[in-house]
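Student: No sequence on hand, only this structure:
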């Protein structure tokens, strides 16, 4: 029996690996030429750390050749155009920065309803926990999402994905976690899967059934963990296409021991691990992520030095989410310390009902102005390291031959404006797998 289960898990895992990557939109040959600065992010085939994150692989007057959705060449424009004459689509990026599409490794965009009324509660000085105690927070969104028809959930999620695409995100992780029953978690994951087939963005689904304790299990956390372990994970493995399982490790949510049990079961069913770690307190999330070999540990606002060093030793990506700190009025992660300890850092929006931000450029500005990251580090964190944080580092995140033809044309002539420009949208053109999928009105 164990042998048959193992083979089944392997087949499911292989099936997921085929299904969750960037969609193949593809056109013919496309050349993006005359970039004032072409940021290739070329480098080692692993997450970058320490000084590596400041090497963004600039080619001045650079060009990229994309054919059948894949990057074929990068180099100087003069040399590229000499080799590719004749009928070919060319985007003239003169005076512009060209870079890989942003990869957002942490989002909660699949939900219904709104929590705009919580802004007034925050102004009145209520904390995240106090808002939840008054009927707000995650469980408010759970109630709204459970009650929403499928068409409403799809439309709301698609609208947010459209916004993210316009801000340059070409690949994103999308979590469930606003259902917290077997049926509703499956419905959310199936909606994410449907959108992954129809939306130009590459989407990686994550199962987050252990996001909070639903009202019907109040005071019975262990019983809810039993449901996640004994029923939900198997149902997700059999009927959805999630690639990861995530758990919120935090006092009042799930302990490190409960998370270990959930993630071990998920691994047995072919799901890799992610951890919501140490956002509101040091709850042992970073140490757990390192111990189990999670792909990433996210938030890390209160992570211990010991937990961070363990992450660095195991190569666990630390996903920092400054938008969540801004929206929830909590401290910012100490990126300088995390980087100096050797943790490969990624950046994400945490786009969610509590932190409704679709803009990766704004996240880069927060990273430089509030987290203490150099612009080059923020760019690496929002592209190649973010790709490794969702298991796609060999497919997206840098402009290298063989990778998906995902890139952005930005409306300035030097990358230093990323992190310097606080607001607005610098993205003129978004290319996904060689096709223009978003463009600022009036851009030729």
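Tutor: That came in fine, so what should we check first? Given the structure is predicted, the values throughout are model-derived calculations rather than measurements.
Student: so what secondary structure elements neighbour the host helix or strand of residue 37?
Tutor: Secondary structure assignment for residue 37, by DSSP states H and E: strand 29-39. On a contact count with 3 or more Cβ pairs under 8 Å, 6 or more residues apart in numbering; DSSP states H and E, strand 29-39 meets strand 58-67, helix 77-83, strand 89-92, strand 97-100, strand 407-410. The C-beta positions use only the backbone N, C-alpha and C, and glycine is treated the same way.
Student: can you give me how far it is from the chain middle?
Tutor: From the chain centre to the centre of strand 29-39 is a distance of 25 Å (Cα atoms, centre = their mean, to the nearest Å).
Student: which of the residues in it are buried?
Tutor: 29-39 (16 or more other Cβ atoms under 10 Å).
Student: try stretch 341-357
Tutor: For stretch 341-357, burial by neighbour count (16+ other Cβ under 10 Å) applies to 341, 343-357.
Student: average model confidence for the strand holding residue 37?
Tutor: Averaging pLDDT along strand 29-39 gives 97.
Student: Checking the residue lying closest to residue 271 once chain neighbours are set aside next. Helix, strand or coil?
Tutor: The shortest distance from residue 271 to any non-neighbouring residue, by Cβ to Cβ, 6 or more residues apart in numbering, is to residue 245 (4.2 Å). What DSSP: H, G, I helix; E, B strand; the rest coil gives for residue 245 is strand.
Student: Looking at the buried residues of stretch 341-357, which is nearest residue 139?
Tutor: Set against residue 139, the nearest of these by Cβ to Cβ is residue 353 (11.1 Å).
Student: Make sure that closest one is actually in contact with residue 113.
Tutor: Yes. Residue 353 is in contact with residue 113 according to Cβ atoms under 8 Å; the separation is 7.1 Å.
Student: so what sits against both of the two?
Tutor: Shared contacts of residue 353 and residue 113, defined by Cβ atoms under 8 Å, 6 or more residues apart in numbering, comprise 140-141.
Student: circling back: the inter-axis angle of the strand holding residue 37 versus strand 58-67?
Tutor: Taking axes from the mean of the first three to the mean of the last three Cα atoms, to 10 degrees, one finds strand 29-39 and strand 58-67 inclined to each other by 160 degrees.
Student: can you give me the helices in the stretch 301-444 of the chain?
Tutor: Counting by DSSP state H, counting those that start in this stretch, the stretch 301-444 of the chain has helices at residues 305-314, 322-328, 335-340, 360-369, 375-381, 384-389.
Student: In CSV: those, plus mean neighbour count and distance to residue 72.
Tutor: Shown next, in CSV, are these (neighbours: other Cβ atoms under 10 Å; distance: least, Cβ to Cβ, whole Å):
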stretch, mean neighbour count, distance to residue 72
helix 305-314, 19, 35
helix 322-328, 23, 35
helix 335-340, 19, 34
helix 360-369, 23, 26
helix 375-381, 26, 23
helix 384-389, 31, 19
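Student: Any chance of TSV for those, columns distance to residue 433?
Tutor: Below are these laid out as TSV (distance: least, Cβ to Cβ, whole Å):
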stretch	distance to residue 433
helix 305-314	32
helix 322-328	27
helix 335-340	31
helix 360-369	19
helix 375-381	21
helix 384-389	15
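Student: mind listing what residue 246 touches?
Tutor: Here residue 246 is in contact with 175, 177, 206-208, 210-211, 273-276, 298 (criterion: Cβ under 8 Å, 6+ apart).
Student: Now with 6 Å, please.
Tutor: Contacts for residue 246 (Cβ atoms under 6 Å, 6 or more residues apart in numbering) come out as 206, 208, 274.
Student: Equivalent analysis for residue 325, please.
Tutor: If a contact means Cβ under 6 Å, 6+ apart, then residue 325 has residue 332 as its contacts.
Student: Let me see the confidence value for it.
Tutor: For residue 325, pLDDT reads 97.
Student: Please tell me how far it sits from residue 76.
Tutor: Per Cβ to Cβ, to the nearest Å, residue 325 is found 41 Å from residue 76.
Student: Phi and psi next, for residue 173.
Tutor: For residue 173, the backbone dihedrals are phi -80, psi 140 (criterion: degrees, to the nearest 10).
Student: Just grab the bridge partners of residue 73 for me.
Tutor: residue 65 (DSSP bridges).
Student: I'd guessed it sits against residue 65; true?
Tutor: Yes. If you go by Cβ atoms under 6 Å, residue 73 and residue 65 touch, sitting 4.1 Å apart.
Student: neighbour count winner among the two?
Tutor: Applying other Cβ atoms under 10 Å to residue 73 and residue 65 shows that residue 65 carries more neighbours, namely 23 against 15.
Student: Contacts only, for the more buried one.
Tutor: Residues counted as contacts of residue 65 (Cβ under 6 Å, 6+ apart) are 31, 72-73.
Student: now the residues you listed as a markdown table including distance to residue 226?
Tutor: Shown next, in a markdown table, are the contacts of residue 65 (distance: Cβ to Cβ, whole Å):
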| residue | distance to residue 226 |
| --- | --- |
| 31 | 56 |
| 72 | 51 |
| 73 | 54 |
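Student: contacting residues for residue 168?
Tutor: Per Cβ under 6 Å, 6+ apart, neighbours of residue 168: 102, 360, 408, 427, 430.
Student: Could you rerun that using 10 Å?
Tutor: Shown in contact with residue 168 (Cβ atoms under 10 Å, 6 or more residues apart in numbering): 99-102, 104, 359-361, 382, 406-410, 425-430, 438.
Student: And for the closest residue to it other than its chain neighbours, the neighbour number?
Tutor: Nearest residue to residue 168, sequence neighbours excluded (Cβ to Cβ, 6+ apart): residue 427, at 4.2 Å. The number of residues packed near residue 427 is 24, by other Cβ under 10 Å.
Student: In this structure residue 427 contacts residue 362, no?
Tutor: No. Shown here, residue 427 and residue 362 do not form a contact pair, counting by Cβ atoms under 10 Å, at 11.8 Å.
Student: Run through this protein and note the low-pLDDT ranges.
Tutor: Confidence mapping of the chain against pLDDT under 70 gives the ranges 1-27.
Student: Let me know the secondary structure of the residue of it most remote from its centre.
Tutor: Relative to the centre of the chain, the most outlying C-alpha is that of residue 86, 38.7 Å out, by Cα atoms, centre = their mean. Secondary structure, three-state DSSP: residue 86 is coil.
Student: what's the answer for residue 290, then?
Tutor: Residue 290 ends up helix, using three-state DSSP.
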